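Colleague: With the sequence up front, the predicted model follows.
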Amino acid sequence: MAALLELQDFHYYYGNIHTVKGINMKVEEGEMVTIIGANGAGKTTTLQAISGLKDAKGIRGKIIFDGKEIQKFSGHKVAALGLCQVLEGRHVFSKLTVEENLLTGAYLRKDTKNIRDDLKNIYKKFPRLEERRKQLGGTLSGGEQQMLAIGRALINKPKLLLLDEPSLGLAPVIVKEVFKAIREINKEGVTVLFVEQNSKIALNTANRGYVMQVGEIAMEGNCQDLLANEEVKKAYLGG
């Protein structure tokens with residue numbers, strides 16, 4: 001069976017700077033996969049290239065999603081195929097209410113009559129958003145904005161959800177809440193690929209992981225095996 005997402009000999013260049021160097025990666029339908037690594041390893045560049053947010057001129061190799069080569073597609077076209085990204089730093093619309101923010105995620109949907117039901121499901125997953133549905137996005141805490149950004153991506157009914165640093169800048173108690181929601185989303189059938197600097201929580205959440213170092217895949221495998229690996233412990237888990 002073909003993977004839902006596959007990178008084949010994927011490279012990324014910023015002009016003459018070779019930032020991602022021929023990586024191969026797969027995400028099967030229903031999986032939750034994480035990419036860990038230090039700052040500057042190429043994790044975010046890889047995620048943004050997948051979702052069509054990087055200049056396609058910098059890409060070499062193939063990005064295949066749901067059987068289609070998408071490495072030359074724009075972000076809009078990629079999202080229309082059912083691949084949605086929650087960006088690092090959240091990027092909510094500060095002057096729109098929580099509910100208006102969520103509904104902007106549904107702009108590509110044709111089945112408008114089901115949107116209200118999906119909104120209810122998002123509120124069930126994130127009760128704080130329902131409590132604050134009339135509040136402006138810019139007045140929410142960092143954790144609430146992260147929940148809002150995830151909810152906005154979910155309302156587009158993605159086949160694959162990409163998350164860039166979902167724990168960044170959040171209090172530990174909120175990190176637990178966000179990752180609990182990510183696990184639920186995956187259990188409900190959404191395939192998830194996420195980049196995360198908190199390697200411990202990443203490897204305790206995902207099924208499989210890739211370790212990136214200076215633009216290359218240094219290691220890959222089942223998350224439990226990576227958690228037990230001495231090199232990973234030393235470099236990323238403080239062990």
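Modeller: That came through, no problem.
Colleague: Could you use CA atoms for every contact and neighbour count after this?
Modeller: OK.
Colleague: Distance from the strand or helix carrying residue 20 to the middle of the chain?
Modeller: Secondary structure from DSSP states H and E places residue 20 in strand 17-27. Distance, stretch centre to chain centre, for strand 17-27: 17 Å (C-alpha atoms, centre = their mean, to the nearest Å).
Colleague: Which SSE is immediately downstream of that strand?
Modeller: strand 32-36.
Colleague: Only C-alpha atoms, please: export that next one in CSV.
Modeller: Taking Å, rounded to 0.1, in the frame of the first residue of the first chain, the C-alpha atoms of strand 32-36 are listed here in CSV:
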residue,chain,number,x,y,z
MET,A,32,1.3,9.9,13.9
VAL,A,33,4.9,10.7,13.0
THR,A,34,7.3,13.2,14.6
ILE,A,35,10.5,15.0,13.3
ILE,A,36,12.9,16.0,16.1
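Colleague: helices or strands up against it?
Modeller: Applying 3 or more C-alpha pairs under 8 Å, 6 or more residues apart in numbering; DSSP states H and E, one finds that strand 32-36 contacts strand 191-195, helix 199-205, strand 208-213.
Colleague: In the helix ranked longest in the chain, which residues are buried?
Modeller: Using DSSP state H, we find that the single longest helix of the chain is helix 172-187. By neighbour count on 16 or more other C-alpha atoms under 10 Å, the buried set for helix 172-187 is 174, 175, 178, 179, 181, 182, 185, 186.
Colleague: circling back: identify, out of the helices and strands packed on strand 32-36, the most deeply packed stretch.
Modeller: strand 191-195 (a mean of 24; mean count of other C-alpha atoms under 10 Å).
Colleague: which residues touch that one?
Modeller: Contact with strand 191-195 is made by 27-36, 43-44, 47, 159-166, 186, as judged by C-alpha atoms under 8 Å, 6 or more residues apart in numbering.
Colleague: thinking again about what came up before, which one, of the helices and strands packed on strand 32-36, ends up nearest to residue 101?
Modeller: Nearest to residue 101, of all these, is strand 191-195, at 21.7 Å by C-alpha to C-alpha.
Colleague: and the closest one, which strands flank it?
Modeller: strand 32-36 (parallel), strand 160-164 (parallel) (DSSP bridges).
Colleague: Can you list the strands that the strand holding residue 20 pairs with?
Modeller: strand 5-14 (antiparallel).
Colleague: which residues sit against stretch 124-133?
Modeller: Contacting residues not belonging to stretch 124-133 are listed as 97, 98, 99, 123, 144, 147, 148, 181 [C-alpha under 8 Å, 6+ apart].
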